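Engineer: okay, here's the prediction I keep looking at, along with the sequence it came from:
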Amino acid sequence: MRIQPTAQDIIDLTAAWTGERSADGRPRVSEDVLIALSAITAEQAWHVLDAAGYPHQFAGGWRTTKPGVNLVGRAVTAQFLPHRADFDAAVVTAGAREGHHDGERQNSWVVESLEPGDVMVTDIFGKITEGTVIGDNLGTAIASRTGAGAVIDGGVRDLPGLTAIDNGVFFYRAADPTPIRGVVLSGMNTPIRIGGVTVLPGDIVLGTDTGVTFIPPQYAEEIAVTALDITNRDIFSKQVLAERVYTTAEIDVLVWPEAIEEHYARWLAEGSADNAR
Ligand SMILES: O=C([O-])CC(=O)C(=O)O
Ligand SMILES: [Mg+2]
């Protein structure tokens, strides 16, 4: 038994990704794509994923420590189950074989595995009381290791301290003063369920005020490129409307006539989108 699958198991699990990978086998979407995704909306991601046949990648109904700030990074998944003594003993033994020696602090096993650009994504079956996966100490460790944050489908504690962490964004269900208890870590970087979404290790987490999208890595670049085009068209539209070059009837349509498309292409080529931003 293993707590974390081997790199080869993770490669097999995510075989749809053909690009670069982390040492643990997870898909490693590039830094440039992550930066581009940090400015997009849940709707832009949804549009591409729905069209690609992935309509169930969004989970809503969160609280966030940084409203208005997006969370973007590569998922490190973790799953907790209700405590069961014999299973916990097996987990502690397997964990020690994989280098995790503090069997009483299984939540820290996950935190200590994190790398820059990772987002810790934890399924703790919605448990709030005694389901507080992190507080401000583990939150500080997550932020300093990842520069990103975490998605906890359960509780957090030390909320004022967690909110004060500048370099991390935390999505959670509710805060509670109790410490984590009565659970066992059943897996790290295994497939997990968050809301109605199946999340795989290396998925790109996009947390916005709307909710959290888990983007299969093979769609990350397409979403970044599509979103940039949508954003640019929006800037162009507002500019030509403000300058009264076209009427709203001409601009506010699903497909622009050829002349407006050509104008947009010229405008893009002149670098006007970058100037307007
Ligand atoms: O230590 C823990 O397990 C949770 C906690 O309170 C913290 O991270 O500050
Ligand atoms: Mg604490």
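Structural biologist: Thanks, I have the structure now. Ligands and ions are numbered 1, 2, ... in the order given.

Engineer: if I look at the residue nearest the centre of the chain, how far off is Q218?
Structural biologist: Closest to where the C-alpha atoms of the chain average out (CA atoms, centre = their mean) is V205, at 1.3 Å. Look at V205 and Q218: by CB to CB, to the nearest Å, they are 15 Å apart. From N, CA and C alone the C-beta is placed, and that goes for glycine too.

Engineer: excluding chain neighbours, what is closest to the residue of the stretch 101-250 of the chain found nearest ligand 1?
Structural biologist: Scanning the stretch 101-250 of the chain for proximity to ligand 1 using CB to the nearest ligand atom identifies G135 as nearest, at 2.6 Å. Leaving aside its sequence neighbours, G135 sits nearest to D158 (CB to CB, 6 or more residues apart in numbering; 3.7 Å).

Engineer: okay, that neighbour and ligand 2: tell me how far apart.
Structural biologist: 4 Å (CB to the ion, to the nearest Å).

Engineer: roughly how far apart are that residue and T129?
Structural biologist: With CB to CB as the criterion, D158 and T129 are 15 Å apart.

Engineer: ditto for R145
Structural biologist: 27 Å.

Engineer: next, count neighbours for T226.
Structural biologist: By the measure other CB atoms under 10 Å, the count of residues near T226 is 17.

Engineer: right, I mislabeled it, should have said T129
Structural biologist: Around T129 there are 13 residues (other CB under 10 Å).

Engineer: sketch out the low-pLDDT regions of the chain for me.
Structural biologist: By pLDDT under 70, the low-scoring segments of the chain are 276-277.

Engineer: what strands flank the lengthiest strand in the chain, and is each parallel or antiparallel?
Structural biologist: When the chain is parsed with DSSP state E, its longest strand is strand 71-82. Using DSSP bridges, strand 71-82 pairs in its sheet with strand 118-123 (parallel), strand 183-188 (antiparallel), strand 204-208 (antiparallel).

Engineer: so what secondary structure elements neighbour whatever helix or strand comes next after that strand?
Structural biologist: Tracing the chain past strand 71-82, the next element assigned as helix or strand by DSSP states H and E is helix 85-97. Helices and strands touching helix 85-97, as assessed by 3 or more CB pairs under 8 Å, 6 or more residues apart in numbering; DSSP states H and E, comprise helix 106-112, strand 183-188.

Engineer: TSV for those, including distance to V199 and mean neighbour count?
Structural biologist: Below are those laid out as TSV (distance: least, CB to CB, whole Å; neighbours: other CB atoms under 10 Å):
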stretch	distance to V199	mean neighbour count
helix 106-112	14	21
strand 183-188	12	21
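
Engineer: how about those in CSV, adding distance to D209?
Structural biologist: Formatted as CSV, these follow (distance: least, CB to CB, whole Å):
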stretch, distance to D209
helix 106-112, 25
strand 183-188, 29
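
Engineer: which of those sits closest to T163?
Structural biologist: helix 106-112 (18.3 Å; CB to CB).

Engineer: any residue of that closest one up close to ligand 2?
Structural biologist: No: using CB under 5 Å from the ion, helix 106-112 stays clear of ligand 2, coming no nearer than 11.2 Å.

Engineer: that helix vs ligand 1: in contact?
Structural biologist: Yes: Helix 106-112 reaches ligand 1 (CB under 6 Å from any ligand atom) through N107.
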